[in-house]
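> dropping a prediction and its sequence here:
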Amino acid sequence: MGRVFVVGSLNVDSVVRVPRHPSPGETLMGGDLETFWGGKGANQAVAAAQAGADVVFVGRVGDDPKGIEYRTRLASRSIDVRPLRVTRGVSTGHAMIAVSDSGENTIIVSPGANARVTADDLDVLSGPGGLETTDTVYDSEPSGIGAGDVLLASLELDVEVVSEAMRIAAAAGARVVLNLAPFAALDPEVLALADPVIVNEHEAEQLRESGVAPGSLLITRGSEGSSWAEVDVPASHVADVVDTTGAGDTYCGTLAARLAAGDDAASAMTAASAAAARSVSWSGAQPA
């Protein structure tokens, strides 16, 4: 079974429930403020680990208490956080989320340390080389990404960094899975490295408007299921929607884990759909 290398973001999510989402200029009274662990990269890494993958996380947190706590949390879930660097004097990424009574959400992200991830942080993909985190130099670190492994990336980091990660992974013979979210126009040659590019319906429309058509495209449609080339998989039944935050990330992480395990498209998509359905039954993007 191959490993899943996640190059992505980590955020602390501040969530407030509202009866509905406000119109521009409108003020609504919400419920109590709750704090959860989030960020597309971390959400996907947790989902991949839950699906049985050996996960290596590449990214940055701040040196604030939440950043240090987040690193410990991921390590407790058997995620290799040696390449997760700590940036001094910078806050960990933060997301402000409003969740309506219908379970739909809107999100505003302050990137913090996520914006400090550079191509230098990708050294782990190429193999051991004195990986440094804060004031610690590790005697050992993950071997470089290679055939049988999967790189999973999304776009809450600098797109040039993500593009470079994809190039390194593809050149090493690894499979590249790109969640094109939040949407950004990438070089068509970079998009062509991904198998698949994962988008939801809104991102699929933005992709069509950009005039780029990836050769391997997986579209998730919520309650209407997902499609990848000639494979269509229905959504798993959801009895009670509590919070849809992170459902897409759970899908992506589970899919990457199952592809790393050797599943075919239909099997991987079915597992991803089931995991995404389970994820909407709790508050926040990650399970407690």
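Alright, I've got the coordinates. Given the structure is predicted, the values throughout are model-derived calculations rather than measurements. Numbers count the residues shown, from 1 in each chain.
> how many neighbours does Ala271 have?
Using other CB atoms under 10 Å, Ala271 is surrounded by 22 other residues. (Glycine included, C-beta is placed from N, CA and C.)
> swap in Pro65?
For Pro65, using other CB under 10 Å, the count is 9.
> give me the local confidence score for it.
On pLDDT, Pro65 comes in at 95.
> repeat that for the one 5 residues further on.
pLDDT, the model's per-residue confidence, is 96 for Tyr70.
> His237 now?
His237 is given a pLDDT of 79.
> which of the three states applies to it?
His237 falls in the coil class when you classify it by DSSP: H, G, I helix; E, B strand; the rest coil.
> nearest residue to it in space, please, no chain neighbours.
In this structure, His237 finds its nearest non-sequential neighbour in Ala277, 6.8 Å apart by CB to CB, 6 or more residues apart in numbering.
> and the helix or strand where that neighbour lies, what does it pack onto?
Using DSSP states H and E, Ala277 sits in helix 265-279. Where contact means 3 or more CB pairs under 8 Å, 6 or more residues apart in numbering; DSSP states H and E, helix 265-279 is packed against helix 40-50, strand 226-228, strand 231-233, helix 247-260.
> relative to Pro22, which of those is closest?
helix 247-260 (22.6 Å; CB to CB).
> buried ones in the closest one, by neighbour count?
247-260 (16 or more other CB atoms under 10 Å).
> ok, which stretches of the stretch 101-250 of the chain are strands?
105-110, 132-133, 136-137, 150-154, 175-179, 194-200, 217-220, 226-228, 231-233 (DSSP state E, counting those that start in this stretch).
> partner strands of the longest one, parallel or antiparallel?
With DSSP bridges as the criterion, the sheet partners recorded for strand 194-200 are strand 175-179 (parallel), strand 217-220 (parallel).
> so can I have CSV of the ones you listed showing distance to Ile145, mean neighbour count and mean pLDDT?
Output for the strands paired with strand 194-200, formatted as CSV (distance: least, CB to CB, whole Å; neighbours: other CB atoms under 10 Å; pLDDT from 0 to 100):
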stretch, distance to Ile145, mean neighbour count, mean pLDDT
strand 175-179, 10, 27, 98
strand 217-220, 21, 23, 97
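> and stretch 17-24, how far apart are its ends?
Length of stretch 17-24, first residue to last, CA to CA, to the nearest Å: 18 Å.
> with stretch 37-57 instead?
15 Å.
> buried sites along it?
So stretch 37-57, judged by 16+ other CB under 10 Å, has buried residues 37-51, 53-57.
> quick check: mean pLDDT across that stretch?
Stretch 37-57 comes out at a mean pLDDT of 96.
> now the strands paired with strand 194-200 as JSON lines including distance to Val124?
Below are the strands paired with strand 194-200 laid out as JSON lines (distance: least, CB to CB, whole Å):
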{"stretch": "strand 175-179", "distance to Val124": "16"}
{"stretch": "strand 217-220", "distance to Val124": "26"}
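> can you tell me which of the buried residues of helix 247-260 is nearest Glu203?
The shortest gap between Glu203 and any of these belongs to Gly248, at 9.6 Å (CB to CB).
> so the closest one makes contact with Thr220?
Yes: assessed by CB atoms under 8 Å, Gly248 is found in contact with Thr220 at 6.2 Å.
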